[in-house]
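**Student:** Fold the following, please.
(chains A and B)
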Amino acid sequence: MHKYLSIESVDKVFEGKKGDFTALTGIDLQIRKGEFVTLIGHSGCGKSTLLNLVAGLLRPSAGTILLAEHHVDGPGPDRGVVFQNHSLLPWLTCFENVYLAVERVFREPKPALRKRTHQALELVGLSHAEHKYPHEISGGMKQRVGIARALAIEPKVLLLDEPFGALDALTRATLQDELMRIVGQTGATVLMVTHDVDEAVLLSDRVVMMTNGPAATIGDILEVELPRPRERLALAHDARFMDLRAAVLEFLYEKQAHKTKARQAA
Amino acid sequence: MGALAVRKEVIPLRTSPPHPAAKVLGERADAAKARVEASTGYRRTRAPEWLPAVLAPIVGLALFVALWALVAKQGGRIPDPITVWHAAAKIFADPFYSKGPNDQGIGWNVLSSLRRVGIGFGLAALVGIPLGFVIGRFRFASGMAAPIIALLKPVSPLAWLPIGLLLFKAANPAAIYVIFVCSLWPMIVNTAVGVRQIPQDYLNVARVLNLSEWKVFTKILFPAVLPYMITGVRLSIGVAWLVIVAAEMLTGGVGIGFWVWDEWNNLKVEHIIIAIFTIGIVGLALEQALVLLARRFSYA
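**Tutor:** Below is the predicted model of the structure:
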């Protein structure tokens, strides 16, 4: 297997006033180019921490992260990050928000940069709202702009941190379909954090299931060998989809729920 | 003891049946309502919603003027509203005359005061805003500045006036200096608070994109802090306008504060009242202008 993004024996320890807190331990994960991988687990299992390590917003306490054979050493525009709460700058229009990222990454004349920005917004279906400010558009549209901003810089890997967590179920479904289409179109490599079982199975090539923290690690990895393009409605009755879904649920609510109970009793 | 007695009287009133007079009034109102309903066909005629909003300030001001007239009637030296109105008409008929440095129109006086406030405040912004950024951004700078600000902020700006006179050896720069000092603290404190309040998400955007320091400043820090800065400006201008009157009373020259003192020496009390209203209106205008500015730069 060709390792495009490689997370090797990574630990993350947070140093606190009341002593150290081991968030992650012994994380090993290899991701192929063009692969869609989700991280799933109960809240507090450190899945966002792992994503932030790949993003370079946090530094691993031990181990290394390699992206296209380059050592990840701090944040950089070779990784496009979509944050949970969109993180658009409210004083810039949708266009300006994306343009800010584009002009940072590409050394091109202005018309070319503008063209890239237009294309990114077109890709997420927001050409009509280019000149609106974030507070003038819906939550789903904001998240699309966030995706456009992350994709516009042509990153090696797209990192999504519960991107649809704050959206209502219908909007979430629409955006999941959009994301599948965009990823299919661009062939992007994606690492996504979620706590939504259906979302994980629907979107992923592999679902990485994490054990509960502290000292969380990868519990199991589920291969999702469903053919693409995937249809939400067709899969709802698909036996393989149901089995995969059940496997994730079983991991989360049987194997990992147990630990939670034990800790509560202690 | 008195409060207890009042309480005892109030309690039975609440439980007793409605006052007979109230009942009569209520019946009359009902009858009137019935007549209105019969003639208009509407079940209930309500006053438009904007009416109380317009009416309340008018009633308030009318009561204020009435109270003032009452106080003036009691004798003493307070001129009544009509005298003041006529005096004001005369003064504002020619606000920009100039008969030497000590006898100028009210327009010149207000403009001189505004000029001092403008210069003093402008200098305070030039110093205070960058300082606020530094204090907000760097913990050590904040630790250094905290005791100084805590110590000097509660000091009346007028206490600085002798230092100003000593340093500049002239009244006008000393007054400007006082304005500078009193405007400085709100500018520093609000800018620093604004810098500290910048959501981590915005800074994370800057980090993942690896934006240059200049871009971080122009596209993230500055716009994020701007609303706080405007609040600082608003507080500063408010304080400065309060202080300039007192400072000018002490330093003399041309200015609305000096004018108040001059008219007191001339025993023209109606002019003092006109000055009070003028100071109030100018202050209100400054405040409103900055509220509008703040609204322009607030991102909901």
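**Student:** any idea what residue A:13 is structurally, helix, strand or coil?
**Tutor:** strand (DSSP: H, G, I helix; E, B strand; the rest coil).
**Student:** buried set for the helix ranked longest in chain A?
**Tutor:** Looking across chain A with DSSP state H, the single longest helix is helix A:169-186. For helix A:169-186, a neighbour-count test (16 or more other CB atoms under 10 Å in any protein chain shown) marks A:171-180, A:182-183 as buried. C-beta coordinates here come from the backbone N, C-alpha and C atoms, glycine included.
**Student:** Which helix or strand in chain A has the lowest average pLDDT?
**Tutor:** Within chain A, no helix or strand scores below helix A:256-265, which has a mean of 57 by mean pLDDT, DSSP states H and E.
**Student:** quick one: the strands in chain A?
**Tutor:** A:5-16, A:19-31, A:36-40, A:62-67, A:70-71, A:79-82, A:157-161, A:190-194, A:206-210, A:218-223 (DSSP state E).
**Student:** Other residues contacting the fifth one?
**Tutor:** Okay, so that is strand A:70-71. With contacts defined as CB atoms under 8 Å, 6 or more residues apart in numbering or on different chains, strand A:70-71 is touched by A:64-65, A:78.
**Student:** who wins for most neighbours among these?
**Tutor:** Comparing those by number of neighbours (other CB atoms under 10 Å in any protein chain shown), residue A:65 comes first, having 22 neighbours.
**Student:** What is the burial count for the closest residue to that one other than its chain neighbours?
**Tutor:** Spatially, and ignoring its direct neighbours in sequence, residue A:65 is nearest to residue A:72 (4.1 Å; CB to CB, 6 or more residues apart in numbering or on different chains). Residue A:72: 21 surrounding residues under other CB under 10 Å.
**Student:** hang on, isn't residue A:72 packed against residue A:63?
**Tutor:** No: here residue A:72 lies out of contact with residue A:63, judged by CB atoms under 8 Å, at a distance of 10.9 Å.
**Student:** How about the residues of chain B by chain A?
**Tutor:** B:201-202, B:204-205, B:207-212, B:215, B:219-220, B:223-224, B:299-300 (CB under 8 Å from any CB of the partner chain).
**Student:** ok, how many other residues are close to residue B:88?
**Tutor:** Neighbour count for residue B:88, taken as other CB under 10 Å: 17.
**Student:** for it, helix, strand, or coil?
**Tutor:** Going by three-state DSSP: residue B:88 is helix.
**Student:** Now it: closest residue in space, sequence neighbours ignored.
**Tutor:** Using CB to CB, 6+ apart, the nearest residue to residue B:88 is residue B:274, at 4.9 Å.
**Student:** ditto for residue B:237
**Tutor:** residue B:286 (5.2 Å).
**Student:** Could you list every helix and strand in contact with whatever helix or strand the one you found lives in?
**Tutor:** Under the criterion of DSSP states H and E, residue B:286 resides in helix B:269-296. The contact analysis (3 or more CB pairs under 8 Å, 6 or more residues apart in numbering or on different chains; DSSP states H and E) places helix B:269-296 against helix B:81-93, helix B:106-137, helix B:222-251, helix B:256-265.
**Student:** May I see these organised as TSV, with distance to residue B:161 and mean pLDDT added?
**Tutor:** Below are the helices and strands packed on helix B:269-296 laid out as TSV (distance: least, CB to CB, whole Å; pLDDT from 0 to 100):
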stretch	distance to residue B:161	mean pLDDT
helix B:81-93	28	88
helix B:106-137	12	91
helix B:222-251	6	90
helix B:256-265	12	89
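**Student:** how about those, which one is nearest residue A:102?
**Tutor:** Taking CB to CB, helix B:222-251 is the member of the helices and strands packed on helix B:269-296 nearest to residue A:102, at 19.0 Å.
**Student:** Kindly report the domain assignment for chain B.
**Tutor:** B:19-58, B:106-296 (automatic domain parsing).
**Student:** got JSON lines for those domains, with distance to residue B:81 and mean neighbour count too?
**Tutor:** JSON lines is the format used below for the domains of chain B (distance: least, CB to CB, whole Å; neighbours: other CB atoms under 10 Å in any protein chain shown):
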{"stretch": "domain B:19-58", "distance to residue B:81": "15", "mean neighbour count": "10"}
{"stretch": "domain B:106-296", "distance to residue B:81": "9", "mean neighbour count": "18"}
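**Student:** In TSV, list these along with distance to residue A:8.
**Tutor:** Listed next are the domains of chain B as TSV, based on distance: least, CB to CB, whole Å:
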stretch	distance to residue A:8
domain B:19-58	68
domain B:106-296	22
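**Student:** Of all those, which one is nearest residue A:100?
**Tutor:** domain B:106-296 (6.0 Å).
**Student:** Endpoint to endpoint, the closest one covers what distance?
**Tutor:** 32 Å (CA to CA, to the nearest Å).
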